[in-house]
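Engineer: Quick one: sequence plus predicted model below, questions after.
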Amino acid sequence: MKIIHIIFLLILTSLLIVNCSEKKLKPKIEESILSEELPDQESKNATITFTEDGKLKAVLYADNIKVLDDKNEKLLENVKIDFYDEEEINNSKLTSLRGKIDDNTQDMYAIDSVVAVSDSGVTLTTDELIWKNKTKKIVTDKFVRIINKDEVIEGYGFESDQNLKNYTIFDITYITTVENK
């Protein structure tokens with residue numbers, strides 16, 4: 001019996017020595033990506049519906065949404081938004097290559113190749129547009145181009161109601177009338 005115990009202890013000791021002397025492999029860590037750049041959540045082909053007092057206000061479509069909790073923002077790619085009036089009828093559309101939502105203010109930013117079209121026939125193009133949640137206004141300090149049934153107006157700085165019906169361009173650089181045929 002004693003021999004069996006000695007053999008067992010020798011085998012156990014041999015196994016411990018072999019296992020302890022084995023070189024452990026460490027996983028490779030990708031250092032080119034900073035952890036603060038990684039989103040907390042990510043959605044592909046996302047749709048977000050915005051309502052107020054039970055009424056449909058807007059529907060946002062995005063190819064990609066990244067939620068960054070530490071920055072209190074959502075980053076959007078290939079954005080399309082349909083806006084609705086008090087009767088829940090679609091009255092304008094906005095598209096942009098990128099966007100951002102500030103979670104603290106609920107302000108929405110449309111960035112890069114922004115096009116907004118209203119049902120009244122107004123088309124706005126710019127590089128950046130901000131929808132201010134508190135005032136329900138659309139603003140930018142960038143170059144804008146407005147085309148409506150009567151005229152083309154270009155300039156810098158813009159403010160409008162969210163339906164693009166009452167707008168102001170602050171520094172007009174070009175204006176011309178459109179010939180109606």
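Structural biologist: Cool, the structure landed. Just so it is clear, the structure is predicted and the values come from calculations on it, not from any experiment. Residues are numbered from 1 along each chain as shown.
Engineer: most centrally placed residue in the chain?
Structural biologist: The residue at the geometric middle of the chain, judged as the C-alpha nearest the mean C-alpha position with C-alpha atoms, centre = their mean, is residue 76 (2.0 Å).
Engineer: Verify the contact between that residue and residue 95 for me.
Structural biologist: No: taking C-beta atoms under 8 Å as the contact criterion, residue 76 and residue 95 are not neighbours in contact, 11.3 Å apart. The way it works is simple: take the backbone N, C-alpha and C, and place the C-beta from them, glycine included.
Engineer: Tell me which helix or strand comes right after the helix or strand encompassing residue 97.
Structural biologist: Assigning secondary structure by DSSP states H and E places residue 97 in strand 90-102. Sequence order places strand 108-118 as the next helix or strand after strand 90-102, per DSSP H and E.
Engineer: Show me what that following strand packs onto, helices and strands only.
Structural biologist: Contact analysis of strand 108-118 by 3 or more C-beta pairs under 8 Å, 6 or more residues apart in numbering; DSSP states H and E lists strand 73-84, strand 90-102, strand 123-132 as its packing neighbours.
Engineer: Let's have the ones you listed in CSV, adding distance to residue 7 and mean pLDDT.
Structural biologist: Formatted as CSV, the entries for the helices and strands packed on strand 108-118 read as follows, by distance: least, C-beta to C-beta, whole Å; pLDDT from 0 to 100:
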stretch, distance to residue 7, mean pLDDT
strand 73-84, 65, 94
strand 90-102, 70, 94
strand 123-132, 79, 95
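Engineer: could I get those strands as TSV with distance to residue 111?
Structural biologist: Supplementary listing: the helices and strands packed on strand 108-118 in TSV, determined by distance: least, C-beta to C-beta, whole Å:
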stretch	distance to residue 111
strand 73-84	9
strand 90-102	4
strand 123-132	5
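Engineer: thinking again about what came up before, identify the residues contacting the strand holding residue 97?
Structural biologist: Residues outside strand 90-102 that contact it (C-beta atoms under 8 Å, 6 or more residues apart in numbering) are 62, 72-85, 107-119, 129, 162-164.
Engineer: if we can go back for a sec, pull the contacting residues for the residue nearest to the centre of the chain.
Structural biologist: Residues counted as contacts of residue 76 (C-beta under 8 Å, 6+ apart) are 60, 62, 64, 65, 98, 99, 100, 101.
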